[in-house]
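[1] this one's structure only:
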């Protein structure tokens with residue numbers, strides 16, 4: 001199910017997973033997404049926590065710490081595999097685009 005559901009990640013999904021190569025709490029994830037994307041992608045709390053719930057349900061991330069309302073997460077091996085697959089897919093798309101734009105396809 002997870003492979004199909006997360007076969008093509010949205011930008012927020014991609015950047016959230018990327019940010020979780022380090023353990024982070026929600027606020028830190030939002031800040032990391034903003035920083036990693038150079039401000040191009042911003043994730044609000046509603047989107048963030050909905051995606052974290054889906055990722056956790058599919059064992060793509062795991063909760064590492066709870067301090068009151070503050071929860072921290074980190075990406076799992078399964079999540080890293082999905083992130084790497086998406087990275088490879090995006091690289092392939094860019095290569096195809098370059099070849100096409102150069103008239104080589």
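    Sure thing, it's come through. Since we're looking at a predicted model, the values are computed, not measured. Numbering: from 1, shown residues only.
[2] does residue 70 really touch residue 25, like I thought?
    Yes - with contacts counted by Cβ atoms under 8 Å, residue 70 reaches residue 25, the gap being 5.2 Å. All C-beta atoms are positioned from the backbone trio N, CA, C, and that covers glycine.
[3] of those two, who's got more company?
    Per other Cβ atoms under 10 Å, whichever of residue 70 and residue 25 has more neighbours is residue 25, with 16 against 11.
[4] what's across from the more buried one in the sheet?
    Beta-bridge partners of residue 25, counted by DSSP bridges, are residue 72.
[5] how close does it get to residue 19?
    With distances taken as Cβ to Cβ, to the nearest Å, residue 25 is found 11 Å from residue 19.
[6] residue 69 now?
    The value you get for residue 69 to residue 19, if Cβ to Cβ is used, is 20 Å.
[7] higher neighbour count, those two?
    Here residue 69 and residue 19 are compared on neighbour count by other Cβ under 10 Å; more neighbours surround residue 19, at 22 against 7.
[8] contact partners for that one?
    Each residue near residue 19 by Cβ atoms under 8 Å, 6 or more residues apart in numbering is listed here: 28, 29, 32, 33, 36.
[9] quick check: buried residues in the helix or strand where residue 16 lies?
    Taking DSSP states H and E as the criterion, residue 16 maps to helix 11-19. Across helix 11-19, burial judged by 16 or more other Cβ atoms under 10 Å covers 12, 13, 14, 15, 16, 17, 18, 19.
[10] would you confirm that the fourth one contacts residue 38?
    Right, residue 15. No - at 10.8 Å, residue 15 does not count as touching residue 38 under the criterion of Cβ under 8 Å.
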